[in-house]
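Asks: Mind looking at a prediction? Sequence and model below.
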Amino acid sequence: MAEVSNSNLLSTDTGIPGIEGACVVIVRTEWNATTVGALEAGCKAVLEKAGVNYRVITVPGAFEIPYGIRAYWDIHKYRDDRPQAFIALGCVLRGDTPHFEYVCRAVTDGVLQLNLTLPIPTIFGVLTVDNQQQADERIGGKHGHKGEEAAITALKMIAVKKTFQ
């Protein structure tokens, strides 16, 4: 099982250059509000510490995340305050039906398509877990805080893209 301690993801001691004042849009779900709220809080804390502007958009469920991101981009892409990254936040808990697999596949494929078609990154911060305990382990438990990790990834991807210019 992947652990944050095996990664350099959280190594930001020297800061991430070129991100001050950047705009990040968090697209979060209404479903599993407690877990997603914790993901959002961790995400916001990292973005605020980095001096990044952010906006939060709420969609009903994980299936709707890709549409919410695409619709927001289409309306804001020519504005001065357009986003430099999106972060998708949600939590899909396995149930007794195949619905879990359909929703997880749809949101994963949707975020992948966004990453291939939009000129900015979409960070996958959607938990796909078997039970609430696994979710809790990923919002500050033994598997780190996936909301914080998503924000750090967004900041790093903004910085990476700036090196291409």
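Replies: The structure has been received and is ready for your questions.

Asks: elements contacting the helix or strand harbouring Lys156?
Replies: In this assignment (DSSP states H and E), Lys156 forms part of helix 146-163. For helix 146-163, the elements it packs on are strand 23-29, helix 33-49, strand 85-93, strand 122-129, judged by 3 or more CB pairs under 8 Å, 6 or more residues apart in numbering; DSSP states H and E. C-beta: built from backbone N, CA, C; applies to glycine.

Asks: Which one of those lies nearest to Glu64?
Replies: strand 23-29 (7.5 Å; CB to CB).

Asks: can you give me how far that closest one is from the chain middle?
Replies: 7 Å (CA atoms, centre = their mean, to the nearest Å).

Asks: 840 is where my numbering starts, stick with that
Replies: Got it, first residue is 840 now, which makes that one strand 862-868.

Asks: which strands and helices sit next to it?
Replies: helix 872-888, strand 892-898, helix 904-915, strand 924-932, helix 985-1002.

Asks: Let me know how buried the closest residue to Val885 other than its chain neighbours is, in neighbour terms.
Replies: Distance criterion CB to CB, 6 or more residues apart in numbering; nearest residue to Val885, sequence neighbours excluded, is Ala990 at 3.6 Å. The local packing of Ala990 (other CB atoms under 10 Å) involves 31 other residues.

Asks: on that earlier part again, as a markdown table, the helices and strands packed on helix 985-1002 with mean pLDDT would be great.
Replies: Shown next, in a markdown table, are the helices and strands packed on helix 985-1002 (pLDDT from 0 to 100):
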| stretch | mean pLDDT |
| --- | --- |
| strand 862-868 | 98 |
| helix 872-888 | 97 |
| strand 924-932 | 98 |
| strand 961-968 | 98 |
